[in-house]
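Undergrad: Just a sequence and a predicted model for now, questions to come.
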4 protein chains.
Amino acid sequence: MKTLIQNWKSKLHEIIYEADTPAGKLFDVLLLITIVSSILLVTLESVPSINYKHERFFDISEWIITILFTFEYLLRIISIKKPINYIFSYYGIIDFLSTIPKYLSLIFGGAHVLIILRSLRLLRVFRILKITRYIGESDKLMSALKASRVKIIVFVFAVVILCLILGTVMYIVEAGASSGFISIPRSVYWTIVTMTTVGYGDIAPVTTLGQFIASIVMILGYGIIAVPTGIVTSEYTSQYKIKQTNTRSCENCGTEKHIDNSRFCHNCGDKF
Amino acid sequence: MKTLIQNWKSKLHEIIYEADTPAGKLFDVLLLITIVSSILLVTLESVPSINYKHERFFDISEWIITILFTFEYLLRIISIKKPINYIFSYYGIIDFLSTIPKYLSLIFGGAHVLIILRSLRLLRVFRILKITRYIGESDKLMSALKASRVKIIVFVFAVVILCLILGTVMYIVEAGASSGFISIPRSVYWTIVTMTTVGYGDIAPVTTLGQFIASIVMILGYGIIAVPTGIVTSEYTSQYKIKQTNTRSCENCGTEKHIDNSRFCHNCGDKF
Amino acid sequence: MKTLIQNWKSKLHEIIYEADTPAGKLFDVLLLITIVSSILLVTLESVPSINYKHERFFDISEWIITILFTFEYLLRIISIKKPINYIFSYYGIIDFLSTIPKYLSLIFGGAHVLIILRSLRLLRVFRILKITRYIGESDKLMSALKASRVKIIVFVFAVVILCLILGTVMYIVEAGASSGFISIPRSVYWTIVTMTTVGYGDIAPVTTLGQFIASIVMILGYGIIAVPTGIVTSEYTSQYKIKQTNTRSCENCGTEKHIDNSRFCHNCGDKF
Amino acid sequence: MKTLIQNWKSKLHEIIYEADTPAGKLFDVLLLITIVSSILLVTLESVPSINYKHERFFDISEWIITILFTFEYLLRIISIKKPINYIFSYYGIIDFLSTIPKYLSLIFGGAHVLIILRSLRLLRVFRILKITRYIGESDKLMSALKASRVKIIVFVFAVVILCLILGTVMYIVEAGASSGFISIPRSVYWTIVTMTTVGYGDIAPVTTLGQFIASIVMILGYGIIAVPTGIVTSEYTSQYKIKQTNTRSCENCGTEKHIDNSRFCHNCGDKF
């Protein structure tokens, strides 16, 4: 009996966690369709004109999707050896959060807690994160981003400091010109909008000096975009090279990452 | 007799499909002029003030161009050995679609099917694709883009997911601020406008928290542009290297990666 | 007695200038909190609605922060061997400027010198520069930027010349179209806004020729962003390579460019 | 007598064309000041409020600058051996065009030819090109741009084709939505504004389908910026490497550009 359950569980595990068998592939495709449908429903529901017409349809669809996700969540828990590991893993939490919103809306039901219902609706959009399971991680890209993490944080920090100072300067310069620079936070917001070359135009300098400083901010923003690009490209290229020269491992000590054309292991001195 | 036609066909093939002979060059230049004229006419015809004045001129010009393209299309079919291959090739389809709109307008004529006439006009713009025949394909660039295709799709996918989540957050935050975030699709549209640093300004956050999140979206968009750039640059550089140092290995010592046009091995001095 | 003071001074120096001891770390954390609080206060004070309500709170907070910075400044002077070096160093000047605004407001007090008080407020934002002490300098990035400095200046100069000429052309073309191109400086401002892809939309061409030239400016701006990016990436990559493979040459065979931490020469197998 | 003039001419040549002697440096500095002053005057003259007040000042200043440039032009002609080479060189034409506007304004004087006077004013801005003499040409950058010229033209061409097709699609989609897509040229203009991430906001889609296509245009524009960046970076890096490995020339045949660590010339096989 125990072996039967064991077999059944391992079969289930294969279907749910792996994509090699036809049943596994079918499960993945169905799950993908459910996720995408769910996101589409949440999105369309937020459009007032559509929601007004099809309110009942959205309610029923949401229940169907919630039940499907509930099944998926339970199946994942019972088919894995250590459920606790799954429950507190990244995907475990995402799966749980994707399931509960509709149940919570029963508890906090009633039109008087609109703000909570809104947040629950928000919560549902995070279901898109379930899809990351199928994207697969781009190893090289990830390790390049990880390697350049510190530098990018330093860069972002430098940009923020620059925006703070230049925003304050603009606040002084455009004061009293009724051009929207009414406070430092707003001026800093404008500086970020300008330096990142977004440029809404809701706030724009009108004084000559303001426009001169704005020009400097723009050229600065236009130029320093080269910095993160340079960092990521360099790291990515170097990750690329590590891969390229990484084919041979030393038979003696097992070290990898030898320079091309090496005739001796750089770790143990063994002749290749 | 048969040989005569054969000769005539091969002569025609040379003129139409190759650009080495004077006749072939002349054909190409005439075709290019016709294509560019056609595009200019379609474009100008869409300007109400111009179309109003010269309606007759546009009609006649379109007939002339259509007849020229019809001739070209027929000549291409009869001068090739396997017409079926050409007809269903990329350029065969483009050539066919470039020719038919005016004929179709005879069938679907009458002012009551304006939407179809509009689409036919649209169809004519695709004639510009006939011009790609003359651009020539940038081998290295193409293979670099092909090599980085999967990574770029993953990147675009990640950007879309990010935009969906951040758009929903903005929808919640700016709700009731009458700043244009009236539905999730609209908020996601705003997030894409902002993250790609386009920044129209037709929708812009007005609440403090909204502007704070917007700032994060901008800096994020400003920073992650580095990712596709890094990918393409890396792949392109690696394509570049493969081309620049040839793959010939020295027969004497086996060293590889010689500079193009080397006449002696740079390691052992052996003559190639 | 003298030794006691000496000991006490070296102890103080350790706390203030180094971050290795628990006391030193505590000092750094407290200083960071003070700086960030100070910036937040300056920023919030500039928001009219907030300043109106909490004027007294801002005044008292500013005094507390000023006194803390005064203590820090004095401690830095007495704990260092050559105070004169510190006072006229980059951080010495920043620390001094961070301390004096409130004292100066006593001297220049009174509502009739609003412009001076405004500038003092501005001065206080530069306190953020105190934080650069903790960022740490990204060696490679800095040397890459230094190496590409001249080229970037030439690039910026070329962009400015291009903007000047194109701005003047737009001024001629859009003259009398009441689209905002009322003077050359304004047209040049527009050209910078467009070429850096910021695009406010406060000034936008309305004539057909104007929009055609604008399109060229945009595509130009879109393309030449590649130039600073190429420069910085190249320099950064070259800095990267210099760091990654060390300059140690093998004592036996003289081969250079070994991977870091190599213990044997990859060419002759000699032990380092 | 003849030798005296010869000496005097060579002395003059040294001052005007070279910057090594103190007199040469002084000449360069004075010329630079004159150019910058001239540009500033042209720019300020275009501001209606400034021009109104100081009309007389601008007239006199322009005469002084014109006379200075006339002297410079004449001196350059008489101090060079083959004046004809200079006159029809790039700088010769620039210098000539910088000198004549004021003289031409005497011929075409009178308020009734405003458009010509405007063009003359435009002409004067090109004086900034005189300054390129002092920028110095960045060899590597120039050769990188030259090497990537064809690819960049192909890229720009591809972008224009893409903009033409997508602009037409938007024209069809947004027809009748009164959102500014009134003709194909205007729609193509919008597509260029969007794809280059400028985003004025003077034209913006209002229909759902229009905003969806706009999102695709944006993400496309955001992504393909990577292409020119990749091209320039690659070419620039390769120019960099050619320089880096270019130190040793073969003693036997004089060939340069050997790979590092080469032990034999790759051209003649001579041992180093």
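TA: Yep, that arrived.
Undergrad: just checking, A:Y91 touches A:I131?
TA: No - at 11.0 Å, A:Y91 does not count as touching A:I131 under the criterion of C-beta atoms under 8 Å. Quick note: C-beta positions are derived from backbone N, CA and C, even for glycine.
Undergrad: Residues of the stretch 51-200 of chain A that sit close to chain C?
TA: Residues of the stretch 51-200 of chain A that fall close to chain C, judged by C-beta under 8 Å from any C-beta of the partner chain: A:151, A:154, A:157-158, A:161, A:164-165, A:168-169, A:171-172, A:175, A:182-185, A:188, A:194, A:197-200.
Undergrad: mind redoing it with 6 Å?
TA: Contact residues, the stretch 51-200 of chain A versus chain C (C-beta under 6 Å from any C-beta of the partner chain): A:151, A:154, A:161, A:164-165, A:168, A:172, A:183-185, A:194, A:197, A:199.
Undergrad: So how do I select the buried members of those residues in PyMOL?
TA: Buried members of those, defined by 16 or more other C-beta atoms under 10 Å in any protein chain shown, are picked up in PyMOL with:
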select buried, chain A and resi 151+154+161+164+165+168+172+183+184+185+194+197+199
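Undergrad: which of the residues of the stretch 51-200 of chain A next to chain C are close to chain D?
TA: For chain D, no contacts are drawn from these by C-beta under 6 Å from any C-beta.
Undergrad: any chance of the residues of the stretch 51-200 of chain A next to chain C in JSON lines, plus secondary structure?
TA: Shown next, in JSON lines, are these (DSSP: H, G, I helix; E, B strand; the rest coil):
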{"residue": "A:K151", "secondary structure": "helix"}
{"residue": "A:V154", "secondary structure": "helix"}
{"residue": "A:I161", "secondary structure": "helix"}
{"residue": "A:L164", "secondary structure": "helix"}
{"residue": "A:I165", "secondary structure": "helix"}
{"residue": "A:T168", "secondary structure": "helix"}
{"residue": "A:I172", "secondary structure": "helix"}
{"residue": "A:S183", "secondary structure": "coil"}
{"residue": "A:I184", "secondary structure": "helix"}
{"residue": "A:P185", "secondary structure": "helix"}
{"residue": "A:T194", "secondary structure": "helix"}
{"residue": "A:T197", "secondary structure": "coil"}
{"residue": "A:G199", "secondary structure": "coil"}
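Undergrad: I'd like the residues of the stretch 51-200 of chain A next to chain C as JSON lines, with pLDDT appended.
TA: JSON lines is the format used below for those (pLDDT from 0 to 100):
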{"residue": "A:K151", "pLDDT": "81"}
{"residue": "A:V154", "pLDDT": "82"}
{"residue": "A:I161", "pLDDT": "87"}
{"residue": "A:L164", "pLDDT": "90"}
{"residue": "A:I165", "pLDDT": "89"}
{"residue": "A:T168", "pLDDT": "88"}
{"residue": "A:I172", "pLDDT": "85"}
{"residue": "A:S183", "pLDDT": "87"}
{"residue": "A:I184", "pLDDT": "87"}
{"residue": "A:P185", "pLDDT": "89"}
{"residue": "A:T194", "pLDDT": "93"}
{"residue": "A:T197", "pLDDT": "91"}
{"residue": "A:G199", "pLDDT": "89"}
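Undergrad: From the residues of the stretch 51-200 of chain A next to chain C, pick the one nearest B:V29.
TA: A:T197 (40.8 Å; C-beta to C-beta).
Undergrad: Am I right that that closest one is in contact with C:T197?
TA: Yes - with contact defined as C-beta atoms under 6 Å, A:T197 reaches C:T197; the gap is 4.8 Å.
Undergrad: what about A:S187, neighbour count?
TA: Neighbourhood size, A:S187 [other C-beta atoms under 10 Å in any protein chain shown]: 27.
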